[in-house]
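Chemist: With the input below, show me the fold.
(one chain, ligands or ions: 1)
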Amino acid sequence: MSDAPALFQPLKLRDVTLKNRVGVSPMCQYSSRDGFADDWHLVHLGQFALGGAGLVMTEATAVLPEGRISPQDLGIWSDAHVAELRRITGFIRAHGAVAGIQLAHAGRKASTYRPWAEEHGRVPPDEGGWEEVWAPSALPFAEDYPRPRALDEAGLERVRTGFREATVRARDAGFRMVELHAAHGYLLHEFLSPLSNRREDRYGGSFENRVRLLLEVVDAVRYAWPDELPILVRISATDWAEGGWDADQSVELARLLEERDVDLVDCSSGGLVPGVTIATGPGYQVPFSWRIRKEAGIPTASVGMITEPKQAEAIVAEKKADLVFLAREHLRHPHWTLQAAHELGAEVAWPPQYARAKRRHARAKRRR
Ligand SMILES: Cc1cc2nc3c(=O)[nH]c(=O)nc-3n(C[C@H](O)[C@H](O)[C@H](O)COP(=O)(O)O)c2cc1C
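Modeler: Below is the predicted model:
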């Protein structure tokens, strides 16, 4: 352990070592055709590797075509998607970062317009949407959203197989971490929460039943993913809604994930039901990662309004999370990590092409 700030200590998960504790949080770009990555994704994700982040995570990447949030989502449901993704992971690796992929199925929030479209809610089939949207139960997210159909046994098998095959493709594409998206009201989260899961079979009702699909997906992914590479799971630690999923259940779930060799729980919140009140503010989701880390004994990540280097440093130094994910701040400042290193007095390598712009630390200046 060097005397570098906590944010700049490496993090080892299985055989993968992140050079620091900064992750680029998954951010949908809604810029794909038929699920394919292109130059946009290369430049968008590549810039964060140049900017010094230890982990660069793709946006939610659909394991099945009907699991896309919008028709423009990134996907990995076919072998044809792999080549372009491999180009991106190659660039990220060449610049010292680890490439991760968030695997996702949007469940009842699928087939909707991307955020900057003029329309909202359900995309009709003649505009690229799809007829059937799937969920644990036939309950729409909101009035203008598609009415989903409840997944039957064959549908559940399609989901498990979708995640497993996507994992094999992710490996072929050169990713070194996978994150399962079980947050923000998408399919796996919908199964967890009693507000969206009203099933009466072995996938609904009790806590054990509601977590079953996620655990089966974890097993399918672990089977397909090399032993030496880590698996992350992003959860919404609470629905912020009466009668919904909450922090106590998240701790219980994290214990089960830890037993199943998941390497880190990424703690977000919300997204399951519209119209809830969330008391946001700097680091507002840190208490969840802190509690889960302490009580479930599993490494965690925190995300949400983490913007300042000293704030990020404190979260890691005080052991409230092992890793911090920054989303919007990375869009504002793609080179955030290089600047944070300067502010915290950590010595980090800059891309040699940018070396003339590197500011020296106060200490180094004095020595000159
Ligand atoms: C443009 C945009 C797209 C997002 N897409 C995803 C996504 O694909 N998967 C996900 O888990 N979260 C997604 N999020 C949520 C972020 O990963 C993050 O959890 C949230 O923005 C809070 O972090 P921040 O305050 O650092 O932005 C997205 C956020 C933004 C701003």
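Chemist: Can you list the neighbours in contact with the longest helix belonging to the chain?
Modeler: Criterion DSSP state H: the longest helix present in the chain is helix 153-172. Helix 153-172 is touched from outside by 61, 63-64, 67, 76-77, 79, 81-82, 85-86, 101, 103, 105, 134, 151, 178, 180, 187, 203, 213, 216-217, 220-221, 223-226, 229, with contacts defined as C-beta atoms under 8 Å, 6 or more residues apart in numbering. Quick note: C-beta positions are derived from backbone N, CA and C, even for glycine.
Chemist: now these: which count as buried?
Modeler: 61, 63-64, 67, 76-77, 81-82, 85-86, 101, 103, 105, 134, 151, 178, 180, 187, 203, 213, 216-217, 220-221, 224-225, 229 (16 or more other C-beta atoms under 10 Å).
Chemist: Ignoring the adjacent residues along the chain, who's closest to Gly100?
Modeler: Spatial nearest neighbour of Gly100, excluding adjacent residues (C-beta to C-beta, 6 or more residues apart in numbering): Met177 at 3.6 Å.
Chemist: which ones are touching the one you found?
Modeler: 13, 16, 55, 57, 98-101, 229-232.
Chemist: near the ligand at all, the helix or strand following the longest helix of the chain?
Modeler: Next helix or strand after helix 153-172 toward the C-terminus (DSSP states H and E): strand 177-182. Yes: contact between strand 177-182 and the ligand, assessed by C-beta under 6 Å from any ligand atom, occurs at His181.
Chemist: and strand 177-182 with helix 153-172, angle?
Modeler: If you take axes from the mean of the first three to the mean of the last three C-alpha atoms, to 10 degrees, strand 177-182 sits at 150 degrees to helix 153-172.
Chemist: got the contact list for the helix or strand just after strand 177-182?
Modeler: Next helix or strand after strand 177-182 toward the C-terminus (DSSP H and E): helix 187-192. Helix 187-192 is contacted by residues 67, 104-108, 134-136, 159, 180-183, 196-197, 203-204, 210-214, 217, 235-236, 245, 249, 253, 271-272 when judged by C-beta under 8 Å, 6+ apart.
Chemist: which helices and strands does the very next helix or strand once past helix 187-192 pack with?
Modeler: Sequence order places helix 207-210 as the next helix or strand after helix 187-192, per DSSP H and E. Judged by 3 or more C-beta pairs under 8 Å, 6 or more residues apart in numbering; DSSP states H and E, helix 207-210 has no packing partners among the helices and strands.
Chemist: Tell me which residues of helix 207-210 come out buried.
Modeler: Neighbour count says helix 207-210 has 209-210 buried, by 16+ other C-beta under 10 Å.
Chemist: That helix - what's its average pLDDT?
Modeler: What helix 207-210 shows for mean pLDDT is 98.
Chemist: which other residues reach the next helix or strand after that helix?
Modeler: Next helix or strand after helix 207-210 toward the C-terminus (DSSP H and E): helix 212-224. With contact meaning C-beta under 8 Å, 6+ apart, helix 212-224 is reached by 103, 136, 156, 159-161, 163-165, 167-168, 171, 178, 180, 182, 188, 191-192, 202-203, 231, 233, 253, 256-257, 260-262.
Chemist: try 6 Å
Modeler: Outside helix 212-224, the residues that touch it by C-beta atoms under 6 Å, 6 or more residues apart in numbering are 160, 163-164, 167-168, 182, 188, 191, 203, 260.
Chemist: Apart from its neighbours in sequence, what residue is nearest Ala224?
Modeler: The nearest residue in space to Ala224 (C-beta to C-beta, 6+ apart) is Thr167, at 4.1 Å.
Chemist: Now for the residue lying closest to Gln72 once chain neighbours are set aside: which residues touch it?
Modeler: The shortest distance from Gln72 to any non-neighbouring residue, by C-beta to C-beta, 6+ apart, is to Tyr30 (4.3 Å). Contact analysis of Tyr30 by C-beta under 6 Å, 6+ apart lists 70, 72, 114.
Chemist: residues in this structure within reach of the ligand, list them.
Modeler: So the chain meets the ligand at 25-28, 59-60, 102, 181, 183-184, 234, 268, 303-306, 326-329 (C-beta under 6 Å from any ligand atom).
Chemist: Return the subset of the residues you listed lying in helices.
Modeler: Per DSSP H, the residues of the chain next to the ligand map to helices at 328-329.
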